[in-house]
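Enquirer: what follows is a protein structure lacking sequence information:
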């Protein structure tokens, strides 16, 4: 095995790249799965600050659209 400039032992560069790619893919997959769970769960969506802001804005627009025109 070889050591890099910091004294860290590293092996085959190919394996290191594959490990990094796998880790990167795993992280991407985690967030993709988390987003799908969040999107499919009304309970989780209702906990979102953005969800409440959008809901309030929608209510305000709905009330304004029901006002008679001058």
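Expert: Okay, I see it. What you see is a predicted model; the values in this text were computed from it and never measured. Residues are numbered from 1 along each chain as shown.
Enquirer: strands along the protein, start to end?
Expert: With DSSP state E as the definition, the chain shows strands at residue ranges 2-3, 9-10.
Enquirer: what pLDDT, on average, does stretch 49-58 get?
Expert: For stretch 49-58, the mean pLDDT works out to 80.
Enquirer: report the separation between residue 53 and residue 65.
Expert: In this structure, residue 53 lies at 19 Å from residue 65, with Cβ to Cβ, to the nearest Å as the measure. (Each C-beta comes from the backbone N, C-alpha and C, glycine too.)
Enquirer: mind checking which of those two has more residues around it?
Expert: Under the criterion of other Cβ atoms under 10 Å, the comparison of residue 53 against residue 65 puts residue 53 first, with 10 against 7.
Enquirer: do you know how far residue 31 is from residue 24?
Expert: Look at residue 31 and residue 24: by Cβ to Cβ, they are 11 Å apart.
Enquirer: mind naming the longest helix for the chain?
Expert: Assignment by DSSP state H gives helix 13-40 as the longest helix of the chain.
Enquirer: same for that helix, what does it pack against?
Expert: For helix 13-40, the helices and strands in contact under the criterion 3 or more Cβ pairs under 8 Å, 6 or more residues apart in numbering; DSSP states H and E are helix 42-46.
Enquirer: OK, contacts around the residue nearest the centre of the chain?
Expert: Among the residues of the chain, the smallest C-alpha distance to the mean C-alpha position (Cα atoms, centre = their mean) belongs to residue 31, namely 4.8 Å. By Cβ atoms under 8 Å, 6 or more residues apart in numbering, the contact set of residue 31 is empty.
Enquirer: just the pLDDT for it.
Expert: Reading off the per-residue confidence, residue 31 sits at a pLDDT of 93.
Enquirer: what about it, distance to residue 50?
Expert: On the measure of Cβ to Cβ, residue 31 and residue 50 end up 17 Å apart.
Enquirer: residue 44: how many residues sit nearby?
Expert: By the other Cβ under 10 Å criterion, the neighbourhood of residue 44 contains 13 residues.
Enquirer: quick check: closest non-adjacent residue to it.
Expert: Excluding the flanking residues, the one nearest residue 44 by Cβ to Cβ, 6 or more residues apart in numbering is residue 38, at 5.0 Å.
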